[in-house]
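A.B. asks: heads up, no residue letters with this:
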């Protein structure tokens, strides 16, 4: 086991993990809320090491990330566990573990940080993403891999629930290019209906800190769940937060919910609901609000906010047309803040 990077020792052989904002206080022999970090005789260790539950070569649009090297291939890795317990989790087979057992190691593929970077180079990926489950709890591994990836000219992507502490961002920020963050709601009550967590403002603070301190590219996803987080007035608050704190060119992905797991009783999000939320986001001054999980919808494309021309056409996760150059609109020259 590797010793954890971010923790403090307390009396009675207890430790406090300072990696995510739950900041678990863990007794000797016990694990934190994520179940993959254990206190051994007053020291905190990660159980995950180089255990990979799944990996694949994806287009970056699948994360979804639309304004950072559009159409580029990214090698994606996931492991086991999560510090959230979202009621409608699509990846619960790897994220919902009650304890880290030896059986999971048998189901894993051991891929070291060095091997992960070599695989990315062999597959001609432009970058590496940590996704499928929450990468924050795999911090020691992702930190080492990100450092090696940057030396090879690869970009790096965290697909995250935003739970990382500022100390975590301070540590990995210099090696991280993209922070693709889920902001699931804009009130504590609504967040707790999706997954009980700490003060949700910590997610907002971490996201702003990542952008301001390290100029990390940020894109926001909100999966719209009928009757739970689809209140237009609450979402208006989120749109205003993105505009005022992350910038009007920050992509906001409004994605369609499909019934799953503990939320199987709910219907899929009506497309009209998504379209109304997108209209609201544009009215509040955001330039790029996307509709996701609706194959072939015209609002999965990118439109120039100045000349209104379609500059990037997508079908699913594939870019089929791109009329941008150096992050600007080919038709009118407007700066779209797209990294290419």
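C.D. replies: Sure, I can see it. What you are looking at is a predicted structure, and each value in this text was computed from that prediction instead of being measured.
A.B. asks: how many residues are close by the closest residue in space to residue 147 that isn't next to it in sequence?
C.D. replies: For residue 147, ignoring the flanking residues on the chain, the nearest one in space by Cβ to Cβ, 6 or more residues apart in numbering is residue 175 at 5.2 Å. Using the backbone N, CA and C atoms, a C-beta is placed for each residue, glycine as well. Residue 175 has 18 neighbours, counted by other Cβ atoms under 10 Å.
A.B. asks: separation between residue 175 and residue 151?
C.D. replies: Separation of residue 175 from residue 151 (Cβ to Cβ, to the nearest Å) stands at 9 Å.
A.B. asks: ok, now residue 169?
C.D. replies: 21 Å.
A.B. asks: give me the more crowded residue out of these two.
C.D. replies: residue 169 (23 against 10).
A.B. asks: give the contact list for the nearest residue to the more buried one once chain neighbours are set aside.
C.D. replies: Closest residue to residue 169 apart from its sequence neighbours, by Cβ to Cβ, 6+ apart: residue 210 at 5.1 Å. Going by Cβ atoms under 8 Å, 6 or more residues apart in numbering, residue 210 touches 169, 173, 176, 179, 216, 218.
A.B. asks: and the pLDDT for residue 210?
C.D. replies: Residue 210 carries a pLDDT value of 98.
A.B. asks: tell me which element it falls in.
C.D. replies: helix 201-214 (DSSP states H and E).
A.B. asks: am I right that residue 327 is in contact with residue 335?
C.D. replies: Yes - using Cβ atoms under 8 Å, residue 327 is in contact with residue 335, at 6.3 Å.
A.B. asks: ok, the two, which is more surrounded?
C.D. replies: Neighbours were tallied for residue 327 and for residue 335 using other Cβ under 10 Å; the higher tally belongs to residue 327 (14 against 11).
A.B. asks: residues in contact with that one?
C.D. replies: Here residue 327 is in contact with 335-340 (Cβ under 8 Å, 6+ apart).
A.B. asks: ok, back up a step: quick one, what contacts the residue nearest to residue 147?
C.D. replies: 143, 146-147, 149-150, 156.
A.B. asks: can you do 6 Å?
C.D. replies: By Cβ atoms under 6 Å, 6 or more residues apart in numbering, the contact set of residue 175 is 146-147, 150.
A.B. asks: sweet, I'm off.
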